[in-house]
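Enquirer: Predicted model and sequence follow; I will ask about them next.
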Amino acid sequence: MLQMNVDGFEVYEFPAPNESSTKNALFFAHANGIPAQTYKSLFEKMAQQLNCLIISYDMRGMGRSQIPDLISENLNNTGAWEQLTKDHIQLFLKIKSLKSEKLNWILAGHSLGAWLSLLASKELHNYKLFLLEPPILAPKIILQWTIIALLKKRHLSPRGQRVKRRKTQFPSLKIAFNELKKSSLMKHWDDEVISDYIEGSFQEQTPGGQITLRHDPAWEALMFEEYPIGAWWAFLKIPFQIRTKIQPLFFVGSKSDTCNPNAKFWVSCFFPKLKWIELPDGTHMFPLERQMETISLIKSNLLDS
């Protein structure tokens, strides 16, 4: 893994083992609150097995990126999702300009990162889209969320409220690892993934001592609070002529609680060329929990696309 700072963003590059024959490159955006380094083991395996270049980065206000969040900059009038999409587009174009012109680029992402790549298609509509678990809420949940949003009570978002209460400090790396390993989010993660998450998310205050979360939980919560009234509302922000042209690939876990596995039909009404790939028994975190199967799915669809 190569690590560098590009225009204030912390960028992680995973080179292909045989660069002279590399044809494909993935530009990947991480999930909300889960910095890019968390995916290190996945990307290392993927780069090796697919012989492709993978570039990921820490979003503004997350991980090691030096670009501040909108809260600390008092820029709340600027939509967070909108700004993150602009960041995604600008950083992609910068990275692309530094690489071989022969590469076939794929815009990819997990959860919020998948949404950023999809929304970026408004300007970057000539690229393939590999979208892992973009949040598309189930009808029961979206009904509740619509009411909350219409009442202008977005701060009551259940996930946002939970994030604001998250633990931001641990006495040591070891204690952090032991506690997080028991959490519902990470209970199926390999030890290596948890360690990479901690390294990317926390910084030591003293050698071997207390560690502190790098980002503001309020910024992470804002990502949940800015979820649109409905996914369809965000889809409509992409012009019709572009939606009918692009072929987004949705990779969805059959047991996901975040991307509704039953949404294929109505999503295809907005994206006629949609390809919907389902991972049996997969959860929202399947890219981190089931890495080899994730790579296999991407490989088969990379060859077909």
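Expert: Noted; the coordinates are in hand.
Enquirer: Which helix runs longest in this structure?
Expert: Looking across the chain with DSSP state H, the single longest helix is helix 80-98.
Enquirer: Check which helices and strands it is in contact with.
Expert: strand 2-6, strand 9-14, strand 24-29, strand 104-110, helix 112-120, helix 217-225 (3 or more C-beta pairs under 8 Å, 6 or more residues apart in numbering; DSSP states H and E). Any C-beta I mention is one placed from the backbone N, CA and C, and that applies to glycine too.
Enquirer: residues in contact with the last one?
Expert: Under the criterion C-beta atoms under 8 Å, 6 or more residues apart in numbering, residues 32-33, 61-62, 69-72, 80-81, 112, 154-155, 157, 159-161, 163-166, 168 lie in contact with helix 217-225.
Enquirer: mind running it again at 7 Å?
Expert: 32-33, 61, 69, 71, 80, 112, 154-155, 157, 159-160, 163-164, 166, 168 (C-beta atoms under 7 Å, 6 or more residues apart in numbering).
Enquirer: tell me what the strand or helix carrying Val252 is packed against?
Expert: Following DSSP states H and E, one finds Val252 within strand 248-253. On a contact count with 3 or more C-beta pairs under 7 Å, 6 or more residues apart in numbering; DSSP states H and E, strand 248-253 meets strand 128-132, strand 275-279.
Enquirer: How far away from the center of its chain is the first one?
Expert: So that's strand 128-132. 11 Å (C-alpha atoms, centre = their mean, to the nearest Å).
Enquirer: Sheet partners, orientation included, of it?
Expert: Paired with strand 128-132 in the same sheet, following DSSP bridges, are strand 104-110 (parallel), strand 248-253 (parallel).
Enquirer: in the first one, what's buried?
Expert: Pointing back at strand 104-110 there. 105-110 (16 or more other C-beta atoms under 10 Å).
Enquirer: just curious, which of the residues you listed is nearest to Ser201?
Expert: Each of these was checked against Ser201 using C-beta to C-beta; the closest is His110, at 15.4 Å.
Enquirer: I'd guessed that closest one sits against Leu131; true?
Expert: No. In this structure His110 lies outside contact range of Leu131 using C-beta atoms under 7 Å: 8.5 Å.
Enquirer: Need phi/psi at Ile136.
Expert: Phi and psi for Ile136, reported as degrees, to the nearest 10, are phi -130, psi 100.
Enquirer: re earlier: what angle sits between the longest helix of the chain and strand 24-29?
Expert: Note on geometry: by axes from the mean of the first three to the mean of the last three C-alpha atoms, to 10 degrees, helix 80-98 and strand 24-29 are set 150 degrees apart in direction.
Enquirer: buried set for helix 80-98?
Expert: Buried residues in helix 80-98 (16+ other C-beta under 10 Å): 80-81, 83-89, 91-92, 95-96.
Enquirer: can you check stretch 279-296 too?
Expert: 279, 282-291, 294-295.
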